[in-house]
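Engineer: could you look at this predicted model? Sequence included:
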Protein chains: 2
Amino acid sequence: MQKVVIIGSGNVASHLAKRLDEVAHVCQIYSQNLDHAQAVAERMRDCQAIDDLNLIDTDADIYLISVTDSALPQIASALPDVRGIVAHTSGSVGISALKHKKSGVLYPLQTFSKGAELDMKRVPFFIEASDTETEQKLWNLAQMIAPETTPQIANSQQRKRLHIAAVFACNFANHLWAIADQLLSNDGYPLDVLYPLMEVTLKKAETMPPAKAQTGPAARGDQGIINQHLAMLESRPDLQEIYLTLTKHIQKK
Amino acid sequence: MQKVVIIGSGNVASHLAKRLDEVAHVCQIYSQNLDHAQAVAERMRDCQAIDDLNLIDTDADIYLISVTDSALPQIASALPDVRGIVAHTSGSVGISALKHKKSGVLYPLQTFSKGAELDMKRVPFFIEASDTETEQKLWNLAQMIAPETTPQIANSQQRKRLHIAAVFACNFANHLWAIADQLLSNDGYPLDVLYPLMEVTLKKAETMPPAKAQTGPAARGDQGIINQHLAMLESRPDLQEIYLTLTKHIQKK
């Protein structure tokens, strides 16, 4: 069984730790804050919480650095010389941030939230590595974590572009739902009234290319309704701007 | 069993007709184009296809006008005097477009596509009517069509605002997925790689207010990543504009 050290105790780190505990041996969890490391470690089978990188077990097979993008370079350079592979999990940080001989990236294309259950077996992982052997090992690890999907190879540029696509598909889509929620709340409706619509919209986007599934006033070119909507948003120039920007972009297609 | 006449043969009309055939008697379907009316009627139990409003059975209980917003006023005024309730299904047309004594609106907050199966039993309907008795009758009809949810009352202004919220939550969200699809295709990835992320994002927005579920560089205030993304979108000023507009709006919260 592979020995894994996890560096970080945030959302990604703790979801990864929980799943890795089922398919490998997570021997250590590091966090600057020992309490945070302990909170994750105590849910594992046999895992030591540490807050000092000098205490790291240098004989593990894989070291997963899962910290914020801005903390990553510093943590990576503070890591002692270790036997195994050093990999990070960030979408937007290049592999070059890691100076170790055997290094790589294991990027889970998913959004992680504290407390929210998540089926790690379905998370698509994107792999990059310093050499073919390391790539194969990281690919195998990703396949163990997520056996219900297939890990893919992506270099740092591709991974950054995947991250941008994810920002549009996840962060920005969620923000539109937040706007809808706010608009409905003015009339006392809960967002629940839109759930069936949101679910059908997603299901459709998974059945056909979303560009072909596009409906609504912009896609129909119904300028009368568009003008009516813009007029009704008069007190919210911020929402008018978003409405107009997206409508124009839909119509350009 | 109530007798219903359906005026229109588009996506909304044909989905409504199919479901109404299970809980009422759809005795006639009107379309300007007889072939279109027949295509819907022949899947019903006992339904006549017509292309002349003068042939309409004036003794039905309910007349549902489900045509494009722009055609609605003309169709409504061409409709002969009838015994039952005349109602339309549009989100953005006021009840005042109907001049009949007993009139109303039965607005399904859902997106309808040709050929796509849809569970009408879960569609939230919003009701408006000329009088309390008509309102009750339309509410009952909506409850029969969609027994798994509760119809609600909405006046014409509220219904127009519901429609705007739906444009953000459905049409615009779908467009963001179309953009993500396009961005991924440059690297040869199918949109499939984002499905788990899109599904988790939706599930989360249904578990907590989406404003609280917001993740990503904008919500984290990670200006370094935001600048990196904008730089990588340099060849696509249209996408830069959308990225910047939505990022600024997330950060204003």
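Structural biologist: Received, thanks.

Engineer: tally up the residues packed near A:Thr105, please.
Structural biologist: Not Thr; residue A:105 is Val. With neighbours defined by other CB atoms under 10 Å in any protein chain shown, the count for A:Val105 comes to 27. For every residue, glycine as well, the C-beta is placed using N, CA and C.

Engineer: just the helices in the stretch 51-200 of chain A please.
Structural biologist: Secondary structure of the stretch 51-200 of chain A (DSSP state H, counting those that start in this stretch): helices at A:72-78, A:132-145, A:156-166, A:173-185, A:195-205.

Engineer: show me what residue of the stretch 51-200 of chain A gets nearest to chain B.
Structural biologist: A:Asn171 (3.1 Å; CB to the nearest CB).

Engineer: B:Ala219 is in contact with that residue, correct?
Structural biologist: Yes. Contact criterion CB atoms under 8 Å: A:Asn171 and B:Ala219 qualify, at 7.0 Å.

Engineer: deepest of the helices of the stretch 51-200 of chain A, which one?
Structural biologist: Each of those was scored by mean neighbour count; the highest is helix A:173-185, a mean of 24, by mean count of other CB atoms under 10 Å in any protein chain shown.

Engineer: could you check the angle helix B:195-205 makes with that one?
Structural biologist: In terms of direction (axes from the mean of the first three to the mean of the last three CA atoms, to 10 degrees), helix A:173-185 departs from helix B:195-205 by 30 degrees.

Engineer: ok, now which ones touch A:Val5?
Structural biologist: Contacts for A:Val5 (CB atoms under 8 Å, 6 or more residues apart in numbering or on different chains) come out as A:Val26, A:Cys27, A:Gln28, A:Ile29, A:Tyr30, A:Ile56, A:Asp57, A:Ala60, A:Ile62, A:Tyr63, A:Leu64.

Engineer: same question for A:Lys204.
Structural biologist: Going by CB under 8 Å, 6+ apart, A:Lys204 touches A:Pro210, A:Ala213, B:Thr111, B:Ser113, B:Ala116, B:Asn174.

Engineer: hmm, try it at 10 Å
Structural biologist: Applying CB atoms under 10 Å, 6 or more residues apart in numbering or on different chains, we find A:Lys204 in contact with A:Pro210, A:Lys212, A:Ala213, A:Gln214, A:Thr215, B:Thr111, B:Ser113, B:Ala116, B:Leu118, B:Cys170, B:Asn174, B:Trp177.

Engineer: just to revisit the earlier point, need the helices of the stretch 51-200 of chain A in a markdown table (columns: mean pLDDT and distance to A:Asp51).
Structural biologist: Below are the helices of the stretch 51-200 of chain A laid out as a markdown table (pLDDT from 0 to 100; distance: least, CB to CB, whole Å):
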| stretch | mean pLDDT | distance to A:Asp51 |
| --- | --- | --- |
| helix A:72-78 | 95 | 12 |
| helix A:132-145 | 98 | 25 |
| helix A:156-166 | 96 | 29 |
| helix A:173-185 | 98 | 33 |
| helix A:195-205 | 96 | 41 |
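
Engineer: got those helices as CSV, with distance to B:Arg161 columns?
Structural biologist: Shown next, in CSV, are the helices of the stretch 51-200 of chain A (distance: least, CB to CB, whole Å):
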stretch, distance to B:Arg161
helix A:72-78, 44
helix A:132-145, 45
helix A:156-166, 31
helix A:173-185, 6
helix A:195-205, 15
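
Engineer: which stretch among those comes nearest A:Tyr107?
Structural biologist: Proximity to A:Tyr107 (CB to CB) singles out helix A:156-166 among the helices of the stretch 51-200 of chain A, at 5.5 Å.

Engineer: A:Asp158 contacts A:Glu128, doesn't it?
Structural biologist: Not quite, residue A:158 is Gln, not Asp. Yes. Counting by CB atoms under 10 Å, A:Gln158 does reach A:Glu128; the two are 8.5 Å apart.

Engineer: what do those two both touch?
Structural biologist: Common neighbours of A:Gln158 and A:Glu128, using CB under 10 Å, 6+ apart, are A:Tyr107.

Engineer: strands of the stretch 1-150 of chain A, residue ranges please.
Structural biologist: Taking DSSP state E, counting those that start in this stretch, the strands of the stretch 1-150 of chain A run over residues A:3-7, A:25-30, A:48-50, A:62-65, A:85-88, A:103-108, A:125-129.

Engineer: in CSV: those strands, plus mean pLDDT.
Structural biologist: Below are those laid out as CSV (pLDDT from 0 to 100):
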stretch, mean pLDDT
strand A:3-7, 98
strand A:25-30, 98
strand A:48-50, 98
strand A:62-65, 98
strand A:85-88, 98
strand A:103-108, 98
strand A:125-129, 98
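
Engineer: can you lay out the ones you listed as CSV showing distance to B:Glu133?
Structural biologist: Converted to CSV, those look like this (distance: least, CB to CB, whole Å):
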stretch, distance to B:Glu133
strand A:3-7, 66
strand A:25-30, 67
strand A:48-50, 69
strand A:62-65, 67
strand A:85-88, 67
strand A:103-108, 57
strand A:125-129, 60
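
Engineer: go through those and name the closest to A:Ala39.
Structural biologist: strand A:48-50 (8.3 Å).

Engineer: what count of nearby residues applies to A:Ala24?
Structural biologist: Neighbour tally, A:Ala24, other CB under 10 Å: 18.

Engineer: kindly report the same for A:Glu241.
Structural biologist: When counting by other CB under 10 Å, one arrives at 14 neighbours for A:Glu241.

Engineer: element containing the residue nearest to it when sequence neighbours are not counted?
Structural biologist: In this structure, A:Glu241 finds its nearest non-sequential neighbour in B:Thr245, 6.1 Å apart by CB to CB, 6 or more residues apart in numbering or on different chains. When secondary structure is defined by DSSP states H and E, B:Thr245 falls within helix B:237-252.

Engineer: which two from the contacts of A:Lys204 end up farthest apart in space?
Structural biologist: Spatially, the most separated pair among the contacts of A:Lys204 is B:Leu118 and B:Trp177, at 18.9 Å (CB to CB).
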